[in-house]
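dropping a prediction and its sequence here:
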Amino acid sequence: MTTDHRACELFFNDNALRVIEGISADRAPLEFHQRMPDYARTPLLDCPPLADDLGVARLWVKDESTRLGLMSFKVLGASYAIYRTLCDRLGAEPEWRDVDELRRELRPLAPMTLAAATDGNHGLAVAHMARLLGFSARVYVPADMVVARIEAIEAEDAVVTVVDGDYDDAVRRSAEDESDECIVVADTSWPGYENIPWSVIEGYSTIFWETDDELRERGAAQPDVVAVPIGVGALAAATVRHYRRPDAVATPRLIGVEPLPSASVLESLRARRRVTVPGPHESIMAGLRCGTPSALAWPLLRDGIDVLAAIDDAYACEAMRSLAAVGVVAGETGAAALGALRAVVEKSGRGGELPSDASVLVVVTEGATDPQTYARIVTAGGSDS
């Protein structure tokens with residue numbers, strides 16, 4: 001296949017650590033999620049055609065496109081952060097077996113609004129949780145948000161406000177809503193706002209506990225390489241926290257991916273300090289178009305990510321089609337991690353990133369949240385243009 005029309009940039013973090021002292025993770029988020037409606041382990045798929053294509057021994061896809069009845073992993077972080085924050089406001093953790101009991105236990109906090117900024121999936125997750133718990137929701141979105149994602153949030157009875165600007169502008173607007181009767185649920189952090197985004201990071205650990213458990217049950221080796229998408233960095237921070245803690249069952253190479261126009265983590269790794277990449281952040285990978293890494297996530301990314309791949313949309317489109325060929329419906333952001341692996345194979349002169357005997361885990365974070373774009377790229381075989 002020809003590749004000269006595609007663009008990517010790789011950064012190899014020679015300062016990355018195999019073990020980061022002082023970090024830990026427990027199963028409390030998994031135990032919480034197991035009580036949520038529609039809980040089930042998301043599929044962990046063994047995909048030999050993708051492994052053959054990349055020249056590795058085995059490739060696993062952790063498919064988050066049906067997580068808790070939604071189409072994205074984001075509900076893991078949002079739900080756990082909302083729960084921990086509500087427990088703090090109650091002054092204790094209530095006793096409950098299902099969401100109906102939890103809703104009754106939370107009635108003393110009403111009326112309550114949950115507010116969020118989003119490029120799509122996080123806002124949908126916050127709106128979904130608000131509806132389940134009997135609260136209201138306000139969600140702020142950037143000006144170029146696709147209609148399908150806005151309509152999905154509105155279907156959860158949330159009020160959606162379009163901000164004249166990008167995702168970072170929407171975050172700044174949402175932060176203004178914090179009050180005694182409104183909880184701002186963000187997956188990024190700023191000075192004085194760290195508890196909720198930290199709980200978001202903790203919530204994402206469910207993905208990796210499930211993966212550990214299922215690989216062990218199937219008698220399969222833990223991964224040698226793990227590839228995840230990076231937006232503000234919360235999921236990638238959860239990945240580092242899981243695989244770099246001193247008691248981790250495996251210490252795989254960690255590969256992160258960003259869109260080329262918003263490669264803020266790559267530039268931060270290069271500078272060894274957190275930096276902002278100015279817009280416009282034009283990419284179909286809407287969930288990753290973030291110009292500034294989360295201050296809370298940054299130390300984990302700096303110390304734990306081995307390779308950062310900044311890719312253009314063509315890599316994401318190819319990855320969507322490759323996943324569709326093995327029965328995985330992945331949106332543009334969801335397919336990005338596989339696109340990063342392709343970029344590493346094509347562009348790396350360092351050989352050891354994807355050895356031929358490697359077992360590789362790819363986290364597919366979302367389904368086809370923009371059906372029209374998915375149809376153009378995959379079903380109709382079109383491009384990202």
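Cool, the structure landed. In this text, all values refer to a predicted model and were calculated from it rather than measured experimentally. Numbering: from 1, shown residues only.

and the contacts of the host helix or strand of residue 207?
Assessed by DSSP states H and E, residue 207 sits inside helix 205-217. For helix 205-217, contacts defined as C-beta atoms under 8 Å, 6 or more residues apart in numbering pick out 25, 27, 29-30, 33, 41-42, 44, 60, 62, 64, 73, 76, 221-223, 238-239, 241-243, 249, 361, 363. Any C-beta I mention is one placed from the backbone N, CA and C, and that applies to glycine too.

please redo it, this time with the cut-off set to 7 Å
Contacts to helix 205-217, defined as C-beta atoms under 7 Å, 6 or more residues apart in numbering, come from residues 25, 27, 29-30, 33, 41-42, 44, 62, 64, 73, 76, 222, 238-239, 241-242, 249, 361, 363.

quick one, whatever helix or strand comes next after that helix and helix 205-217 angle?
Remark: after helix 205-217, the chain's next helix or strand is strand 225-229, criterion DSSP H and E. Here strand 225-229 runs at an angle of 150 degrees relative to helix 205-217 (axes from the mean of the first three to the mean of the last three C-alpha atoms, to 10 degrees).

picking up where we left off before, would you mind checking the contacts of helix 205-217 for buried ones?
By neighbour count, with 16 or more other C-beta atoms under 10 Å, the contacts of helix 205-217 hold 25, 29-30, 33, 41-42, 44, 62, 64, 73, 76, 222, 238-239, 241-242, 361, 363 as buried.

helices - which of the residues you listed land there?
Of those, the ones assigned to helices by DSSP state H are 29, 30, 33, 76, 238, 239, 241, 242.

surely the first one meets residue 79?
Right, the one you point to is residue 29. No. Under the criterion of C-beta atoms under 7 Å, residue 29 is not in contact with residue 79, lying 9.0 Å apart.

between those two, what contacts are shared?
Residues touching both residue 29 and residue 79 (C-beta under 7 Å, 6+ apart): residue 203.

which stretches of the stretch 1-150 of the chain have low pLDDT?
Scanning the stretch 1-150 of the chain for pLDDT under 70 picks out 1-5.

so what's residue 9 up against?
With contacts defined as C-beta under 7 Å, 6+ apart, residue 9 is in contact with 260, 263, 266, 310.

now, the residues you listed that are in strands?
Residues from those lying in strands, with DSSP state E as the criterion: residue 310.

which parts of the stretch 201-350 of the chain are helices?
For the stretch 201-350 of the chain, the helices defined by DSSP state H, counting those that start in this stretch cover 205-217, 234-243, 264-271, 298-304, 313-325, 336-347.

turn the ones you listed into a markdown table, columns for distance to residue 153.
Listed next are the helices of the stretch 201-350 of the chain as a markdown table, based on distance: least, C-beta to C-beta, whole Å:
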| stretch | distance to residue 153 |
| --- | --- |
| helix 205-217 | 23 |
| helix 234-243 | 19 |
| helix 264-271 | 25 |
| helix 298-304 | 28 |
| helix 313-325 | 23 |
| helix 336-347 | 22 |
